[in-house]
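Undergrad: Compute the structure for the input listed below.
(3 chains)
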Amino acid sequence: MNVTAPRTPLPAVPIWRNALLVRIIVQAALLASVIGVLLYLLSNLTTNLKNTGLPTGYGYLDQPYGSDIPFSSFRPTQSIWDALKVGYGNTVRVASVGILVSLVLGVIIGVARLSTNFLVRTAATLYVETIRNIPVYLLVFASFFVIIQQSLPPITEAFEWFGTTVFSNRGIYVPWLDGYANSGTFMIVLGLGLVVAAVVAAWRTKRFDTTGQPHHRLLWGLGVIVVIGLIGYIALSAPVGVTTPERDGRVVVGGIAVNPSYAALLIALSLYTASHIAEIVRGGIQAVHHGQTEASFALNLTAFQRIRLVVLPQAFRIMIPPLANQFLNITKNSSLAVAIGYYEITRVTQTAANNAAPAPQAYSILMLLYLSFSLSISLVANIINRQLRLESR
Amino acid sequence: MTSETTDLIAGAAVAGGTGEPKIVMEHVDKWFGSFQALKDISITVGNQEVVVVIGPSGSGKSTLIRCINRLETHDKGRILVGGTELTRDPRSVSAIRKQVGMVFQQFNLFPHLTVLDNITLGLRNVRRIAKKPAEEMAMKQLVRVQIESQAKKYPGQLSGGQQQRVAIARALAMEPDVMLFDEPTSALDPEMVKEVLEAMRELAGSGMTMIVVTHEMGFAREVADRVVFMADGQIVEVGTPDYFFTGAREARTRKFLSQIL
Amino acid sequence: MTEMITGIGDMPIVEAPPKPYGRFRDNPRGWLKANLFGSKINGIFTIVLGAGLLYAMARLLKYVFISGRWEVVRSGLTSMMIGLNYPRDTASLTKPWIAVGLLAAVGGLATGVALRRRGSTWYEAARPWLPVVMVGALLASLTETATPKLLAAVVVVILAIATVIGTRIPPERTRRIWIVYWLGVVVAAFALTGRELGAPDNWGGLLLALYVASFGIVISFPLGLLLALGRRSKLPVVHWLSVLYIELIRGVPLITLLFAGDLALRFFLPVGTEPPGRIMRSIIMIVLFSAAYLAEIVRGGLQAVPKGQLEACQSLALGQFTTLRRVVLPQALRSVLPGLVGQFISLFKDTTLLGIIGLRELIGVAETITSYDEFRNQGYLPELLTFVGLLFWVCCYSMSKASRRLETRMGVGVR
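TA: Below you'll find the predicted structure:
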């Protein structure tokens, strides 16, 4: 039997109360007004640019940049576009090295904050609480103008450290590798060694899986690569050597020069970001439920096994999003280089804009470049995050 | 099975209710993505009737009652409450929600408001009642569930049983025609179950139309006019408590009852 | 890109682990053994690190008391507080003091009210003010004339009186007290700027930093709230426009926005319009910047409101607006408060970037002072930067401490 229920019909819906229609109209109106405002701004832009006699397109990128870029082979006659490429490389250089350094430093300090040793704990806390509450620009500024410019001697009185490193405010010169004959072959041998080491490590892992014997795969892998490297080095009769910098008056020969601006920026950004990463590491470790530690005790895992097999994998999962955020921050903060003369993309753009490149276009490109960094970091973090996501109902 | 169950529904509907049916569901389907949560549900709840819905977890019990006040949208079929059909029109939704009170498993009290403010929130903002009379109405309901002494406290300061009674009072204060209970005792410690069931029993005695999803078989046996057994999104059987607990016809029902009793 | 980037504020709050082996004063030997010489490696750590820390401390003490030439800070103090070009006539100099006095009154009132409402002790109430008072005392001791010292004393008296008044207000009348707070802050702002609300371009130093940060956070908050709601909207156009805005802004450094505001903004104005002053332009960019970050903070708060709360509102037939205003926002904003303080701190720190676009904030002032004849080429920068760093550190540290206390208190109180 079907129940035919009595029905009180609702009054017909007037058109302005039709929810679906209202939604569509509201959204269309919003979209139209946003586009309208953008178009209005764009028309202002073109008129203003024309009135000032600036180009309206992006053709200016092919014009010569007009100034030097220190510590690079760039020449002023090359185009603005080429200068941006050099700047891009410099941003990548400071960001990637900065990420590595701050990660290592941050993990050490973060773990130190949880140490049972009172002094270690206190020193780590002191570091974090001091650095975190100071503007990063102050650190960049101070590390360049105080540490590099004021504390390092001028080149004529450069400080030479056991003949290996030359410190001066014009640059820091460190020893570097120098290839002789056969150096290319040696590189190939080292590459092969890496492959062999990986195979050996895989074999150790497999043996561990089948027999349960301890694997020591890191030890074995390292051993293999060292042995192969040594044999190759002797067989090819010393294909690479080390050059040390030597100062002669105002000229330094040998070694490799580190741009003092780069050094200052790297120091400041790494110190600052490390203090944030330390907090993330500490929070991540503490967020692992105490029951997990107790369960590890109950299974009689050693302290190292407990941390490596139980605590860290769980902590790592929590830490990924904020860590990615810090990597993004260090990339964005590398723009502070603009104040200390390190030619990454912001500084390059800034100089170009001062040399008559149209500011709106120049800064739009700059923002796009930073967005490309952000998007790629987020993309990688998202992929890792998805891989590690816990399966649950 | 459709013809068989509808027969049962029809027979029991007459037995339980008086006057016009309060809730009518006709051939209701509900999908969550590719999973069908409700399959061709048809049921009528009469005025002043108490219907208890039982069944294994994931059988669609909660979805069924959440469709009635549009916490979930049904995809097919019709749902009528007090003669008004539930449609996409926001006014029909709001008209029906005013007639239907609901009590949740997790209480869902507003943690930032006192017990009294929890209850007056709806009275003042939906029914547009002035502050003084709203508070008097709220106190009346608190007296009814015997928790008037806690009116000035925050939900976090109460026990689970007390919180659930406040939730009942909050729903009752809106003076609904129908009350829905979604596993009201499942989140409670055992010693607090009794006080909540007591309040529900009193409510049933006062002639409220109720649909209760619960695992409390004692309550079902004692208070229900009809029991509905659901499995896999379908209504398997409908009958009086006596019928259920003395020997249900369907094998699935008997198996479920033997597992929990 | 949408879901992943979350700040440290999103980390689950955990209680600090119990300090191992009790307190030093209960069992000094046990404590020393457990905390410093638990194992051989621990002992080595202790000795090496202890020596390093002692050396650092000695160097620091020497710098502070012997080698540091602090007279440069003394003579540049006024400039660091209000800027190099801020007019130095009495009327203009009084304005910041009036603002400070008003803020002290508001702060005292709030402390007093909290004191009474929570029944905490005087010591607990005074603690958050300790760093502020300490720095105030340091600043007052560095001044060259007596008037600022006197005025500082007056501010302290105002603070104390306001606190006492705050404790006298009966709790049932404090529900709308925030209106008084707002009034105080707004009047303080007007006392500084006069009738036109923008900051004049001759401001600098701490005044500029604090003004830009406060103004930025106040204006960007409603914007951020709208963006957060927009991001959670079911209307696709609203949702995607919000996401686009938030992610675009969060993807670029503030300094590029400031540059764009400084150099490119004027091209977007109608032909013939004078662009606003330099500080106003920066404030506009900072508001646009901060709104995107606040939107994410508020979104976190909105997400923290359980779904059951919305269902309860629906079952009561509450309208969408009422649900938002009476149920969702009160809960969401409460959990957002620490994040809001955090955003204010980072905005305050970011005001240093104004120096890069040529405004004379604290670092800019410090740089300029070293170019004055009497200080040029004598390496005065470290002293000045140390002072600037100390100012920032005290402000940020005490604010973040306060917000952490807020966090723990709310964690206990709400549920």
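
Undergrad: how far away is residue A:226 from chain C?
TA: 26 Å (CB to the nearest CB, to the nearest Å). C-beta: built from backbone N, CA, C; applies to glycine.

Undergrad: list the helices and strands whichever strand or helix holds that residue packs on?
TA: Taking DSSP states H and E as the definition, residue A:226 sits inside helix A:217-235. Secondary-structure packing of helix A:217-235 (3 or more CB pairs under 8 Å, 6 or more residues apart in numbering or on different chains; DSSP states H and E): helix A:183-211.

Undergrad: which helices and strands does the helix it packs on pack with?
TA: helix A:217-235.

Undergrad: Now do the helix it packs on against helix A:183-211, angle only.
TA: Computed by axes from the mean of the first three to the mean of the last three CA atoms, to 10 degrees, the angle separating helix A:217-235 from helix A:183-211 equals 150 degrees.

Undergrad: And the contacts of helix A:217-235?
TA: Applying CB atoms under 8 Å, 6 or more residues apart in numbering or on different chains, the contact partners of helix A:217-235 are A:186, A:189-190, A:192-194, A:196-198, A:200-202, A:204-205, A:208, A:239-240.

Undergrad: For stretch A:88-100, buried residues please.
TA: Under the neighbour-count criterion of 16 or more other CB atoms under 10 Å in any protein chain shown, stretch A:88-100 has A:88, A:90-91, A:93-95, A:98-99 buried.

Undergrad: Please report the distance of the closest residue to chain B within the stretch 51-200 of chain C from residue C:275.
TA: Minimum separation of the stretch 51-200 of chain C from chain B (CB to the nearest CB) falls at residue C:172, amounting to 11.9 Å. Look at residue C:172 and residue C:275: by CB to CB, to the nearest Å, they are 50 Å apart.

Undergrad: and those two? which has more neighbours close in?
TA: residue C:275 (15 against 6; other CB atoms under 10 Å in any protein chain shown).

Undergrad: Which pLDDT value goes with residue C:12?
TA: For residue C:12, the pLDDT comes out at 38.

Undergrad: Need phi/psi at residue 71.
TA: Defaulting to chain A. phi 60, psi 30 (degrees, to the nearest 10).

Undergrad: dump the residue contacts of it.
TA: Neighbours of residue A:71 in contact, by CB under 8 Å, 6+ apart: A:171, A:257, A:259, A:262.

Undergrad: Surely residue B:71 touches residue C:311?
TA: Yes: look at residue B:71 against residue C:311 with CB atoms under 8 Å: they come within range, at 5.4 Å.

Undergrad: Give me the common contacts of these two.
TA: residue B:102.

Undergrad: Just want to know which of these two has more residues nearby.
TA: Shown here are residue B:71 and residue C:311; by other CB under 10 Å, residue B:71 has more neighbours (21 against 18).

Undergrad: Secondary structure element for the more buried one, which one?
TA: Using DSSP H and E, residue B:71 falls outside every helix and strand.

Undergrad: now do residue B:21
TA: For residue B:21, the host element (DSSP H and E) is strand B:18-32.

Undergrad: buried set for that strand?
TA: Of the residues in strand B:18-32, those buried (16+ other CB under 10 Å) are B:21-26, B:28, B:30.

Undergrad: element containing residue A:38?
TA: helix A:19-52.

Undergrad: If you could redo that for residue B:62, that was the one I meant.
TA: Going by DSSP H and E, residue B:62 is in helix B:61-68.
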